[in-house]
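Novice: Can you look at this prediction? I've put the sequence above it.
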Amino acid sequence: YYKWLCPRNEEAVHHILETVKALVVIPEIDAVHMDYVRFPDVILAKGLQPKYGIVQDQEYPQWDFCYCKRCVIAFEKESGINVNEAYD
């Protein structure tokens with residue numbers, strides 16, 4: 001229902017910064033609003049689920065979290081849990 005960029009991905013950060021740099025030089029633009037700069041919501045609000053044709057009746061980790069190498073390392077550093085070795 002929506003796509004997102006990992007905030008730890010250097011290419012994603014570069015893309016966002018370059019896009020903002022290109023926008024702020026336009027005289028008619030006073031500001032750039034950075035909305036939804038975060039990981040995706042674990043469960044989308046019930047009122048929005050029909051709009052996207054989805055049902056989220058539980059967490060779906062494969063879609064709700066980033067498992068890139070940088071995120072896995074950061075999570076393990078903070079929590080002490082290696083998600084690649086964790087059991088459900």
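Specialist: Nice, I can see it.
Novice: all contacts plus neighbour counts: C-alpha atoms, from now on.
Specialist: OK.
Novice: Ramachandran angles for K51?
Specialist: Backbone torsions for K51, taken as degrees, to the nearest 10, come to phi -60, psi -40.
Novice: From L44, how far out is it?
Specialist: As judged by C-alpha to C-alpha, to the nearest Å, K51 and L44 stand 11 Å apart.
Novice: Which residue of those two possesses the greater neighbour count?
Specialist: Ranked by neighbour count (other C-alpha atoms under 10 Å), K51 and L44 place L44 first, with 16 against 9.
Novice: Assign a three-state SS to the more buried one, would you?
Specialist: Following DSSP: H, G, I helix; E, B strand; the rest coil, L44 is assigned to coil.
Novice: For the protein, spot the helix or strand the model is least confident about on average.
Specialist: Every helix and strand in the chain was compared by mean pLDDT, DSSP states H and E; the lowest is helix 61-64, with a mean of 70.
Novice: mind listing what's buried in the helix or strand just after that one?
Specialist: Once the chain leaves helix 61-64, the next helix or strand it forms, by DSSP states H and E, is helix 69-79. For helix 69-79, a neighbour-count test (16 or more other C-alpha atoms under 10 Å) marks C71, I73 as buried.
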